[in-house]
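Enquirer: Got a predicted structure here, sequence first:
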Amino acid sequence: MLRIIPILLLTASPLGAAEFRTLAGQHIVLRTDVPGNPDVDSLPAVFDSAFEQWCKYFKIDPKDCANWRPKGILLRSPASRDRFVAAGMMPANLWDFKSGYSQGRELWLYDQTSPYYRRHLLLHEGVHCFMNTILGGSGPPWYAEGMAELLATHEWIDGKLTVNHFPRNAKEVPRLGRIEMVRQAMAEGRTLSLSDVAAYGDTAHRENEPYGWCWTAAAFLDGHPRYRQRFRELSRSIAKGDFMRQFARRFQQDQAVLAEEWQVYLANLDYGYDFARSRIEWARGEPLPAAGATVEISADRGWQSSGIALEPGRRYAISAAGRFQLAGKPTPWISEPNGVTIRYWNGRPLGLLLCAIRPHDFDAALDQTPLAKPQAVGLGTTLRSPVSGTLYLRINDAPGELADNAGQLSVTVTRLSD
């Protein structure tokens, strides 16, 4: 059973008694000058629970590191540093960190107005301690900070902790703002490729935005069913010192698809992102029969290949029919391919049928995927295909709200004469 042991530490310093408290758990000793309250006093239990989950994630037997017990300091404010230094609890020459910092088995963090963000910072620095002392290192900066963010982002409900939690909404993670950081950067024209994120240097994380990008990358690689296992196995390469070489080797076979799926992910990045339902099953289309063809598109999935190849310069008519469910509570929302204007997603009616033509020779390293900039179909449209490519279809819905959708649309494609 996890234990929280608040201990009043009496100091002999001229600062007087009751200046500091010690909160002790099985895997952390945390000293603080923050007054007692349930959120602060629960931190050792939070940390102990996270330790068990970190061991499971990295496939470490907790018995092999049962005595692992970092020392931490939670400072009430930057003004507290001098008190801790004077008491001999904190190095005088410690780097002037903004929020949190760690070295070896020691960590330091400033108190936060958000209980969530206070826990997040403690766990973030705890992940660094765990990786550096148990795994033998933390890898390149993007991975080190991405993993610290991934395994610190959490849910804490009724005393139960879940780390590696993709937040369902902003209220779950007050003051975190990682998704907002990335969306703001993209809106300002600073969209990064995975290679850009991987190129972050040692000093990049003196600013906040790189934390957002590193978490976004780690959450993508860890959450996507196609890449999860390979990504998790990379931790074995840390101590060997060949992390990026192993990363390139493991993902080389589908490097192009990975780059394109990253683009699609960023274009739809939102709270509650459903990686399983948003996974794209890439399938090259076959020539359209002279009589046309009809395909079924599921309402509870992201982009889906129609299996139809379009020819460059040819005109096509696309029509859609069917009724499907967009939400189940409080009452079912029923939609047709034109969508419902009661609510919008990405500037378009919810449920609106969308299409994109993916070129057969598409290279994500050179251009943006058409799946990141779709065209509206609704009940029907005509288009001239600019390339030889496969037609992809989906309904317009937030990637975190696909699970309560149900039903299908019938989409018919016919070739028109010029």
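Expert: Sure thing, it's come through.

Enquirer: can you tell me how far Arg21 sits from Pro44?
Expert: Distance, Arg21 to Pro44, by C-beta to C-beta, to the nearest Å: 12 Å. The C-beta positions use only the backbone N, C-alpha and C, and glycine is treated the same way.

Enquirer: So for those two, which sits in the more crowded spot?
Expert: Applying other C-beta atoms under 10 Å to Arg21 and Pro44 shows that Pro44 carries more neighbours, namely 24 against 19.

Enquirer: That one: what secondary structure?
Expert: Here Pro44 is recorded as helix under DSSP: H, G, I helix; E, B strand; the rest coil.

Enquirer: Can you tell me the closest non-neighbouring residue to it?
Expert: Sequence neighbours aside, Gly25 is the residue nearest to Pro44 in space, at 2.8 Å (criterion: C-beta to C-beta, 6 or more residues apart in numbering).

Enquirer: likewise Gln375?
Expert: Excluding the flanking residues, the one nearest Gln375 by C-beta to C-beta, 6+ apart is Cys355, at 5.4 Å.

Enquirer: Report all helices and strands that whatever helix or strand that neighbour lives in contacts.
Expert: Using DSSP states H and E, Cys355 sits in strand 353-359. Strand 353-359 sits against strand 375-376, strand 380-384, strand 389-395, with contacts defined as 3 or more C-beta pairs under 8 Å, 6 or more residues apart in numbering; DSSP states H and E.

Enquirer: Give me the angle between that strand and strand 380-384.
Expert: With axes from the mean of the first three to the mean of the last three C-alpha atoms, to 10 degrees as the basis, strand 353-359 and strand 380-384 are set at 20 degrees to each other.

Enquirer: Other residues contacting strand 353-359?
Expert: For strand 353-359, the external contacting residues (C-beta atoms under 8 Å, 6 or more residues apart in numbering) are 297, 303, 310, 318, 320, 337-339, 348, 369-371, 373-379, 381, 383, 385-396, 409, 411.

Enquirer: what residues does stretch 66-75 touch?
Expert: 26-34, 40, 43, 51, 81, 84, 89-90, 102, 105-111, 118, 122, 125-126, 129-130, 133-134.

Enquirer: swap in stretch 91-103?
Expert: Applying C-beta under 8 Å, 6+ apart, the contact partners of stretch 91-103 are 70, 81, 85, 107-110, 112, 121-122, 124-126, 128-129, 132, 206.

Enquirer: Do you know the pLDDT at Pro330?
Expert: With respect to pLDDT, Pro330 scores 81.

Enquirer: any idea how far it is from Glu260?
Expert: Relative to Glu260, and taking C-beta to C-beta, Pro330 is found at 38 Å.

Enquirer: more crowded one of those two?
Expert: Glu260 (24 against 6).

Enquirer: ok now do that one, which residues does it touch?
Expert: When contacts are taken as C-beta under 8 Å, 6+ apart, Glu260 is in contact with Phe362, Ala364, Thr369, Leu371.

Enquirer: Same check on Leu151?
Expert: Listed by C-beta under 8 Å, 6+ apart, the contact partners of Leu151 are Ala50, Gln53, Trp54, Tyr57, Leu123, Val127, Val163, Asn164.

Enquirer: got the buried residues for the helix or strand containing the first one?
Expert: Looking back up the chat, that one is Ala50. Using DSSP H and E, the element containing Ala50 is helix 43-57. Buried residues in helix 43-57, counted by 16 or more other C-beta atoms under 10 Å: 43-51, 53-55, 57.

Enquirer: Throw the residues you listed into CSV and include pLDDT and distance to Glu286, thanks.
Expert: As requested, the buried residues of helix 43-57 are exported to CSV (pLDDT from 0 to 100; distance: C-beta to C-beta, whole Å):
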residue, pLDDT, distance to Glu286
Leu43, 98, 59
Pro44, 98, 60
Ala45, 98, 58
Val46, 98, 54
Phe47, 98, 55
Asp48, 98, 56
Ser49, 98, 52
Ala50, 98, 50
Phe51, 98, 53
Gln53, 98, 46
Trp54, 98, 47
Cys55, 98, 49
Tyr57, 98, 42
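
Enquirer: I'd like those laid out as TSV, including distance to Ala219.
Expert: As requested, the buried residues of helix 43-57 are exported to TSV (distance: C-beta to C-beta, whole Å):
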residue	distance to Ala219
Leu43	24
Pro44	27
Ala45	25
Val46	21
Phe47	22
Asp48	24
Ser49	20
Ala50	17
Phe51	21
Gln53	16
Trp54	16
Cys55	20
Tyr57	13
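
Enquirer: could you pull out the helices for the chain?
Expert: Using DSSP state H, the helices found in the chain span residues 38-41, 43-57, 81-86, 115-130, 141-150, 178-187, 194-198, 209-223, 228-233, 243-251, 255-267, 275-278.

Enquirer: Just name the most buried of those helices.
Expert: Using mean count of other C-beta atoms under 10 Å, the stretch among the helices of the chain with the largest mean neighbour count is helix 141-150, at a mean of 25.

Enquirer: who are the neighbours of that helix, in terms of helices and strands?
Expert: Counting contacts by 3+ C-beta pairs under 8 Å, 6+ apart, helix 141-150 packs against helix 115-130, helix 194-198, helix 209-223.

Enquirer: and Met186, which of these is closest to it?
Expert: Closest to Met186 of the helices and strands packed on helix 141-150, according to C-beta to C-beta: helix 209-223, at 10.3 Å.

Enquirer: roughly how far is the closest one from the heart of the chain?
Expert: 5 Å (C-alpha atoms, centre = their mean, to the nearest Å).

Enquirer: Can you name every helix or strand that that helix contacts?
Expert: Using 3+ C-beta pairs under 8 Å, 6+ apart, the elements in contact with helix 209-223 are helix 141-150, helix 178-187, helix 194-198, helix 228-233, helix 255-267.

Enquirer: okay, the ones you listed in JSON lines with distance to Cys214 and mean pLDDT next?
Expert: Below are the helices and strands packed on helix 209-223 laid out as JSON lines (distance: least, C-beta to C-beta, whole Å; pLDDT from 0 to 100):
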{"stretch": "helix 141-150", "distance to Cys214": "4", "mean pLDDT": "98"}
{"stretch": "helix 178-187", "distance to Cys214": "9", "mean pLDDT": "97"}
{"stretch": "helix 194-198", "distance to Cys214": "6", "mean pLDDT": "96"}
{"stretch": "helix 228-233", "distance to Cys214": "13", "mean pLDDT": "96"}
{"stretch": "helix 255-267", "distance to Cys214": "14", "mean pLDDT": "96"}
